[in-house]
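**Q** Sharing a sequence plus its predicted fold:
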Amino acid sequence: MLQAKDIADLILKGFRRHFVLFQRITAQAKNRYSYQNWQGLQQDNSERISYYDSRVNETLTQLQHLLPAVAEQSADGRPLLLDEALWHQVRQQYQHYLMFHPQAELAETFYNSVFCRLYERKYFHNQNIFVESTLNKQQLPAPVASVYESYFPAQYGLKQSIRAIMASFKLDVPFVNLERDIRLLVRTFTEQSSHGRHPVQLVRFDILKSLFFRNKAAYIIGRVVTPDGQQPFIIPLLHQGKDGVCVDTLITDAQQMSIIFGFSRAYFMVEMTVPSALVHFLRELLPHKTLAELYSSVGLHKQGKTEFYRELLQHLTKSSDHFVAAPGIRGMVMMVFTLPSFPYVFKVIRDRFAETKQFDRATVKARYLLVKKHDRVGRMADTMEFSDVALPLNRFSPELLQELQDSIGSSMRIEDDLLIIRHLYIERRMIPLNIYLEQASTTLKRHVMDDYGQALKDMIAANIFPGDMLLKNFGVTRHGRVVFYDFDEVQYLLDVNFRTIPHTDNYDDMLSSEPWYSVAPGDVFPEQITTYVTAQPDIRQMLLEQHPELADARYWQQKQQGIRAGLVEDIFPYPQCQRFARLYPDEFA
């Protein structure tokens, strides 16, 4: 007879295997960066996203062979009956194992995932799983100070302290001109911060021990501590040709730091033994970021989902407003609703698509996963995918309930006082670009259309073609950035055939409502893009004036050629005007 300890041991063993493999692939980022293996770094980041589900499935398979109750299956493959006494013991034993465990919160989530895939939703409560974490009643498994190193300029001097910080990361590539970089860091920090005017005797640097890798950059993250308080900062390190690396800039602006850790970017590759300590340090630097956002940003997206769901449950108990249909034009593939007091939208695949959407539910899910695993380059929203989500029925108006029943009826059911949604995506809420333009001044319209064009260019550079480029499929963040959020027609840029419309002198051809030239599946004519994007001539003109290349098929074809040649473009998560090479060109001459 299988004992509770055996089950707890098996689940914890599955988690340990997951975390070891997660750390192993993450540790490769340093080597990938040092030798400029950008495609390898992107591939590792993409593959790592699937590691968690693979280990959960492995653990689930082992349990299914050992648990007799699994022989009696429900319609969806889960056991009908739960031995509650046994699983209460399992949970207690597992909780005992997690006391002072260095990844305790992650291990809780892993346990939840295994249990929830094994049993029906009616058993998903705090007696069986960790709906509420037990860790907030315990001391952190290690002090936050374990993840950072402190440096004291009073002892060795300011420049020597910065030199020691750079040396601590032991990159397998030299600095092109470290003395220049140190000089520019000191100058820039003094200009940007009052803390830079303190005597070195009153200054301490706290630097995270691990580099943060993403795209083609490595980031040093830390803070300066003085009697006035603390000043967080980020230092990006970039390769300067084949000669080595250099400090690209110094970022101390809170908004820019928030954007670097934003929801529209790929997850960082960062080594960590005690994730909770790392995340709590980051939260001190970025107090407006939630635990969910920070866990996700460092690649622990499943823990991010757990923290998000707890945040949602807490918010529902503290608020009273009702879910409403999301503002904007109704989507032809997704039904979208939101809670006005909560900054997210809930997206459910419709039962039936419009005739123009020639694909099925499986294709939609595959395209959302494609974006999840891709480098989102700051232009594509991250999505959290959930199953069997229970929301209070009394928070839905009769009108919205009817609309949901009509559009996603096969994906929902009502159980007592709960609305259960079988499968949904949750994204950060943004102002739809078409609505933003209706309310914006001419100056803001011009600015946001410039950023829309740049968003397209950034996605193109990352081998992504959005497919449906209508303005309603893009949103404007609280920082004024344009981000794509509707992925049902997304595809790789290399899978598209960009063509120039053939010339004709025939007047009848020009007036015809049908093209006078052949159009094959996958053909796209960039000359038509601005007409397709919006019917408003002033908006189209703003886009064309600032990004004329987008209407030229040769531009798109050249980008395809670069991708085929293995080119990975630099896409900066901070203004290029702040780069040291731009600010101090004489230093880089």
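**A** Cool, got the structure.

**Q** now the helices: where do they sit in the stretch 251-400 of the chain?
**A** Along the stretch 251-400 of the chain, counting by DSSP state H, counting those that start in this stretch, helices occupy 254-260, 275-285, 291-297, 301-318, 361-372, 398-408.

**Q** Deepest in the core, which of these is it.
**A** helix 291-297 (a mean of 24; mean count of other C-beta atoms under 10 Å). (Each C-beta comes from the backbone N, C-alpha and C, glycine too.)

**Q** What are the contacting residues of it?
**A** Here helix 291-297 makes contact (C-beta atoms under 8 Å, 6 or more residues apart in numbering) with 261, 263, 265, 267-268, 275, 279, 282-283, 286, 289, 301, 303-308, 311, 382.

**Q** Confirm for me that Leu12 is in contact with His96.
**A** No: the pair Leu12 / His96 is not scored as a contact, 10.6 Å apart, by C-beta atoms under 8 Å.

**Q** quick one: which of these two has more around it?
**A** The neighbour comparison of Leu12 against His96 (other C-beta atoms under 10 Å) goes to Leu12, with 19 against 10.

**Q** could you say which helix or strand contains the more buried one?
**A** Leu12 is part of helix 4-34, with elements assigned from DSSP states H and E.

**Q** Low-confidence stretches in this protein?
**A** Along the chain, the parts satisfying pLDDT under 70 run over 1-2, 68-80, 136-145, 193-201, 504-518.

**Q** Which residue ranges make up each domain of it?
**A** According to automatic domain parsing, the chain comprises the domains 4-137, 144-313, 319-429, 433-576.

**Q** To Tyr584, which of these lies closest?
**A** Evaluated over those, closeness to Tyr584 peaks at domain 144-313, with 6.0 Å, by C-beta to C-beta.

**Q** Could you check how far the closest one is from the centre of its chain?
**A** Taking C-alpha atoms, centre = their mean, to the nearest Å, the mean C-alpha location of domain 144-313 is offset from the chain mean by 19 Å.

**Q** Any buried residues in stretch 340-357, and which?
**A** Phe342, Tyr344, Val345, Phe346, Lys347, Val348, Ile349, Arg350, Phe353, Lys357 (16 or more other C-beta atoms under 10 Å).

**Q** Repeat that for stretch 535-542.
**A** Applying 16+ other C-beta under 10 Å to stretch 535-542 flags Ile539, Arg540, Met542 as buried.

**Q** so of those residues, which ones are in strands?
**A** Of those, none are assigned to strands by DSSP state E.

**Q** The helix or strand hosting Ile165 packs against which elements?
**A** Assessed by DSSP H and E, Ile165 sits inside helix 158-168. If you count contacts as 3 or more C-beta pairs under 8 Å, 6 or more residues apart in numbering; DSSP states H and E, helix 158-168 packs onto strand 148-151, helix 153-156, helix 178-192, strand 204-208.

**Q** Show residues contacting it.
**A** Helix 158-168 is contacted from outside by 149, 151-153, 156, 175, 178, 181-183, 185-186, 200, 203, 205, 207, 209, 220, 222, using C-beta under 8 Å, 6+ apart.

**Q** what about 10 Å?
**A** Residues from elsewhere that reach helix 158-168 (C-beta atoms under 10 Å, 6 or more residues apart in numbering): 149, 151-157, 175, 178-179, 181-183, 185-186, 189, 196, 199-200, 203-205, 207, 209, 211, 220, 222, 235, 237, 245, 247.

**Q** Quick one: the helices in the stretch 51-200 of the chain, in order.
**A** Going by DSSP H, counting those that start in this stretch, the stretch 51-200 of the chain shows helices at 51-66, 84-97, 104-118, 153-156, 158-168, 178-192.

**Q** Put together TSV for those, with distance to Phe323 on each row.
**A** As requested, the helices of the stretch 51-200 of the chain are exported to TSV (distance: least, C-beta to C-beta, whole Å):
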stretch	distance to Phe323
helix 51-66	29
helix 84-97	32
helix 104-118	23
helix 153-156	53
helix 158-168	48
helix 178-192	43
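
**Q** and Thr134, which of these is closest to it?
**A** Here helix 84-97 is closest among the helices of the stretch 51-200 of the chain (C-beta to C-beta), at 5.7 Å.

**Q** May I see the buried residues of the closest one?
**A** Those would be Leu86, Trp87, Gln89, Val90, Arg91, Gln93, Tyr94, Gln95, Tyr97, for helix 84-97 by 16+ other C-beta under 10 Å.

**Q** Just send the residues you listed back as TSV, with distance to Gln405 too.
**A** Formatted as TSV, the buried residues of helix 84-97 follow (distance: C-beta to C-beta, whole Å):
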residue	distance to Gln405
Leu86	39
Trp87	35
Gln89	41
Val90	38
Arg91	36
Gln93	43
Tyr94	39
Gln95	40
Tyr97	44
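
**Q** Give me the helices and strands touching the helix holding Leu12, please.
**A** helix 38-48, helix 51-66, helix 84-97, helix 104-118, strand 212-214, strand 217-226, strand 229-239 (3 or more C-beta pairs under 10 Å, 6 or more residues apart in numbering; DSSP states H and E).

**Q** out of the ones you listed, nearest to Val568?
**A** For those, the distance to Val568 is smallest for helix 38-48, at 4.0 Å, taking C-beta to C-beta.

**Q** Run through who's touching the closest one.
**A** Counting by C-beta under 10 Å, 6+ apart, 21-22, 24-33, 35, 37, 54, 213-216, 239, 266-269, 299, 301, 370, 372-375, 462-463, 566-570 sit against helix 38-48.

**Q** coming back round to it: next, the angle from the helix holding Leu12 to helix 104-118.
**A** 120 degrees (axes from the mean of the first three to the mean of the last three C-alpha atoms, to 10 degrees).

**Q** thinking again about what came up before, so which of the helices of the stretch 51-200 of the chain is the most packed in?
**A** Highest mean neighbour count among the helices of the stretch 51-200 of the chain (mean count of other C-beta under 10 Å): helix 104-118, a mean of 23.

**Q** Which neighbouring elements make contact with that helix?
**A** Using 3+ C-beta pairs under 10 Å, 6+ apart: helix 104-118 touches helix 4-34, helix 51-66, helix 84-97, helix 275-285, helix 291-297, helix 301-318, strand 384-392.

**Q** Leu67 against Leu86, yeah?
**A** Yes: between Leu67 and Leu86 there is a contact under C-beta atoms under 10 Å: 9.1 Å.

**Q** now for the helices of the stretch 51-200 of the chain, which one comes closest to Leu424?
**A** helix 104-118 (15.3 Å).

**Q** Could you list the alpha-carbon positions for the closest one in PDB?
**A** Coordinates of the C-alpha atoms in helix 104-118 are reproduced here as PDB (Å, rounded to 0.1, in the frame of the first residue of the first chain):
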ATOM      1  CA  ALA A 104       9.800  26.200  -1.000                       C
ATOM      2  CA  GLU A 105       7.300  28.500  -2.800                       C
ATOM      3  CA  LEU A 106       8.200  26.800  -6.200                       C
ATOM      4  CA  ALA A 107       7.900  23.400  -4.700                       C
ATOM      5  CA  GLU A 108       4.400  24.300  -3.400                       C
ATOM      6  CA  THR A 109       3.300  25.300  -6.900                       C
ATOM      7  CA  PHE A 110       4.700  22.100  -8.300                       C
ATOM      8  CA  TYR A 111       2.700  20.100  -5.800                       C
ATOM      9  CA  ASN A 112      -0.400  22.000  -6.800                       C
ATOM     10  CA  SER A 113       0.200  21.300 -10.500                       C
ATOM     11  CA  VAL A 114       0.500  17.600  -9.900                       C
ATOM     12  CA  PHE A 115      -2.600  17.300  -7.800                       C
ATOM     13  CA  CYS A 116      -4.700  19.500 -10.000                       C
ATOM     14  CA  ARG A 117      -3.900  17.400 -13.100                       C
ATOM     15  CA  LEU A 118      -4.700  14.300 -11.200                       C
END
